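S.K.: sequence first, predicted model second:
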Amino acid sequence: MINAVAKSSNLAPLLRGVSQAVPTSVKSLAPAVVISKPTVVASTPDRVKNIIPTGDIRLRSGPGVTTQVRYAHTDLSVPDFSNYRRSSTTDPSTKAKESDESRKSFSYLVVAGGAVASAYAAKTVVTQFVTSMSASADVLALAQIEVKLGDIPEGKSVTFKWRGKPLFIRHRTGEEIDKERQTSMSELRDPEKDEDRVKKPEWLILIGVCTHLGCVPIANAGDYGGYYCPCHGSHYDNSGRIRKGPAPLNLEVPPYQFMDEGLLVEKSPPALTKMGAFIFPLCHMRIWSLFRKLNRPLLTSNCASCSLPKQWKEFDEKDVKNHVANIFLCTQKEADLFVDSVKEEFAKDRCGRIEILRALRKKGFNVNNVISCKDVMKHSLESIRGRIKLSSDIFQEETPASVMSVLRLSDRDLERIKKFMATDDRKIEECSELFKCSKIETCQLFIRFPFLLRSKMSTMKSKLDLLTENNIPVNEVLKDLWVLTYTKNRLEERLREIHSMNIYPIKPWMLRCLPEVLLRTFCNRQENKAALAPHPNIVAYLSNRLGVPENEISLFAKKHPPVMRVHVAKMKEIIDYLLSEGYLAEKIVQTPRILCHSLETIQGRLNELKTRNYVPKTLSVLCNKINDQDDQLMNDLWDQILDSRLKDTSRTMNS
């Protein structure tokens with residue numbers, strides 16, 4: 001407002017005719033100021049020279065000191081880039097265009113080398129990432145099965161379990177092969193020739209997982225007679241190619257090869273470890289496979305035929321049993337029995353145990369052979385292979401029986417055999433000829449009687465000749481080979497004692513028993529002779545005492561064979577006692593087992609029954625134990641009551 005009034009004063013001369021200025025006593029708000037014109041200083045050289053500092057410049061800083069203004073840039077050093085320049089551009093008189101191509105070539109070479117190194121580093125990182133999603137070593141070791149194709153009839157499809165997934169093996173007919181090979185590629189969603197999907201036209205091997213959402217198709221179904229997924233309606237032909245439905249790709253073909261007697265489905269080849277592998281498509285397939293596995297419960301929640309697969313690094317007991325059943329082609333019950341018997345060994349090292357079973361399977365073993373020698377599962381794979389090779393060296397063959405005889409050897413005996421074979425490889429053959437048995441049985445004798453490995457062949461042969469000269473057959477010697485550990489003089493001395501006692505036939509145990517045992521044997525033989533007299537043998541004796549023909553005594557012996565090994569003197573005492581108690585000889589013939597008990601046992605049981613006012617009609621009661629006699633006693637009493645009632649009834653009717 002004050003400014004407006006001040007500016008309006010300029011109009012006073014123009015308005016003087018219509019207005020009148022009236023003086024006022026009010027003082028002006030702004031005091032009067034005298035404006036002076038600035039003095040102009042001429043810039044002469046002398047004045048400018050005085051402005052430039054001539055002494056040392058000092059800088060002081062702080063809260064109480066003003067900052068000094070720098071008047072020149074002569075204290076700054078300009079960087080020198082000569083060391084970074086290429087030799088072709090250091091000369092300022094030379095044109096840079098002349099060295100342009102050489103400099104660009106070097107730059108391109110550096111960039112290309114860096115790109116290659118970066119690609120290789122990226123390949124290493126991607127490989128490590130992708131392989132981390134693949135199966136672990138123990139799973140890959142279990143990812144190999146053998147299938148006997150001869151058991152699959154033509155036109156049939158069989159399903160096996162491989163790496164936790166169903167494996168379809170189909171024996172195709174000639175009509176199916178011709179039909180699939182005549183299919184036009186234009187009709188296929190995922191074009192692929194039938195010849196590229198099979199190695200042999202008659203055998204089709206597929207992984208039974210639908211490429212849509214991971215369901216399990218049904219064989220011999222669908223519009224094309226191949227495989228049909230009932231979950232979402234995908235139809236595959238007899239070559240596993242998608243023909244209809246939402247599935248985008250054909251059924252996967254696993255890596256396999258044909259063997260002499262069957263099919264071997266192998267683990268996937270390590271393609272990522274090779275330089276120059278085609279990484280990205282494989283990465284895509286691996287990542288999609290992993291995504292499909294992890295999300296299968298969400299994507300197919302209404303699919304009854306789908307199940308969440310186990311983690312790749314986990315194998316439970318059921319998986320191991322399935323692998324054993326696939327390796328030996330046995331029933332699930334046999335596989336369960338075997339795995340349960342060696343469960344601890346599988347828990348320690350599943351991978352190694354499965355590899356051992358595969359090695360044994362290649363040598364013709366079945367699950368029963370492995371069950372009979374379960375200790376083999378305690379050895380390592382290298383030890384098993386070494387033992388198989390040793391059996392090949394010994395027997396010149398690798399049959400299950402020959403391998404099993406070596407597998408049962410302890411490590412100590414195995415080392416002994418190896419050491420002995422290194423010095424005298426004919427020991428096994430000579431022992432086999434000496435004992436008249438096979439090489440396998442000879443090795444089993446080495447296991448039971450280790451002294452055979454240390455004994456000289458000439459010494460053993462002389463001892464065996466001495467025994468055969470005294471009417472001791474070789475098969476009797478094999479039952480007690482410890483007799484060969486004694487010296488020849490000791491054997492001759494004992495044989496003279498036996499001949500003097502007239503103990504025949506001579507058994508090997510008589511040659512190495514104590515003198516007291518031999519004397520007791522002599523006394524028993526004398527008692528038997530006295531009891532048998534004047535009968536020539538025990539059959540004639542029983543026939544005479546029991547009053548039955550000798551052919552019935554033979555049936556009597558077949559009914560209970562141990563009776564014929566009872567001493568005649570003991571048998572005589574038992575027969576005399578039973579006859580004195582009123583039992584007929586027919587009862588004894590009906591119950592031959594009574595003669596195998598001791599006289600004291602029979603007397604004690606019979607006296608106990610008499611204290612209960614019961615006399616058994618049959619001798620089978622006396623053959624039972626004390627705690628089993630009560631039931632038999634009640635049965636016999638009930639029989640007596642029924643007999644008495646029948647007799648009373650018959651008497652009443654007669655009267």
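M.R.: Thanks, I have the structure now.
S.K.: residue ranges with poor pLDDT in the stretch 51-200 of the chain?
M.R.: The stretch 51-200 of the chain contains residues with pLDDT under 70 at 51-76, 134-143.
S.K.: would you map the helices across it?
M.R.: Secondary structure of the stretch 51-200 of the chain by DSSP state H, counting those that start in this stretch: the helices cover 100-132, 137-141, 174-181, 194-197.
S.K.: would TSV of these with mean neighbour count and distance to residue 369 be doable?
M.R.: Placement of C-beta: from N, CA and C, glycine included. Converted to TSV, the helices of the stretch 51-200 of the chain look like this (neighbours: other C-beta atoms under 10 Å; distance: least, C-beta to C-beta, whole Å):
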stretch	mean neighbour count	distance to residue 369
helix 100-132	11	38
helix 137-141	17	22
helix 174-181	15	38
helix 194-197	14	37
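S.K.: nearest to residue 499, of those?
M.R.: helix 137-141 (65.6 Å; C-beta to C-beta).
S.K.: just to revisit the earlier point, quick one: closest of the helices of the stretch 51-200 of the chain to residue 566.
M.R.: Of all these, helix 137-141 comes closest under C-beta to C-beta, at 59.6 Å.
S.K.: where do the helices of the stretch 351-500 of the chain begin and end?
M.R.: Using DSSP H, counting those that start in this stretch, helices in the stretch 351-500 of the chain cover 367-372, 381-395, 400-407, 411-423, 427-435, 439-448, 451-454, 457-469, 474-479, 488-501.
S.K.: least reliable of those helices by average pLDDT, please.
M.R.: Mean pLDDT per stretch puts helix 411-423 lowest among these, at a mean of 66.
S.K.: most tightly packed of the helices of the stretch 351-500 of the chain?
M.R.: helix 400-407 (a mean of 22; mean count of other C-beta atoms under 10 Å).
S.K.: what about the closest residue to residue 501 other than its chain neighbours, neighbour count?
M.R.: Closest residue to residue 501 apart from its sequence neighbours, by C-beta to C-beta, 6 or more residues apart in numbering: residue 522 at 4.7 Å. Counted with other C-beta atoms under 10 Å, the neighbours of residue 522 add up to 17.
S.K.: may I ask which helix or strand encompasses residue 522?
M.R.: In this assignment (DSSP states H and E), residue 522 forms part of helix 515-532.
S.K.: residues making contact with that helix?
M.R.: Identification of contacts with helix 515-532 by C-beta atoms under 8 Å, 6 or more residues apart in numbering yields 497-498, 501, 503, 510, 513, 538, 541, 567-569, 571-572.
S.K.: what number of residues lie near residue 583?
M.R.: Residue 583 has 21 nearby residues by other C-beta under 10 Å.
S.K.: show me what contacts it?
M.R.: With C-beta under 8 Å, 6+ apart, residue 583 has these contacts: residue 619.
S.K.: any idea how far residue 86 is from it?
M.R.: 129 Å (C-beta to C-beta, to the nearest Å).
S.K.: next: residue 175.
M.R.: 77 Å.
S.K.: what's the answer for residue 115, then?
M.R.: 22 Å.
S.K.: cool, residue 376 as well?
M.R.: 74 Å.
S.K.: checking residue 503 next. Helix, strand or coil?
M.R.: Secondary structure, DSSP: H, G, I helix; E, B strand; the rest coil: residue 503 is coil.
S.K.: same check, this time on the one 3 residues further on
M.R.: Under the three-state scheme (three-state DSSP), the conformation of residue 506 reads as coil.
S.K.: count of residues packed around it?
M.R.: The burial count for residue 506: 17, using other C-beta under 10 Å.
S.K.: that one contacts residue 469, doesn't it?
M.R.: No - counting by C-beta atoms under 8 Å, residue 506 stays clear of residue 469, with 11.1 Å between them.
S.K.: what sits against residue 584?
M.R.: So residue 584 contacts nothing (C-beta under 8 Å, 6+ apart).
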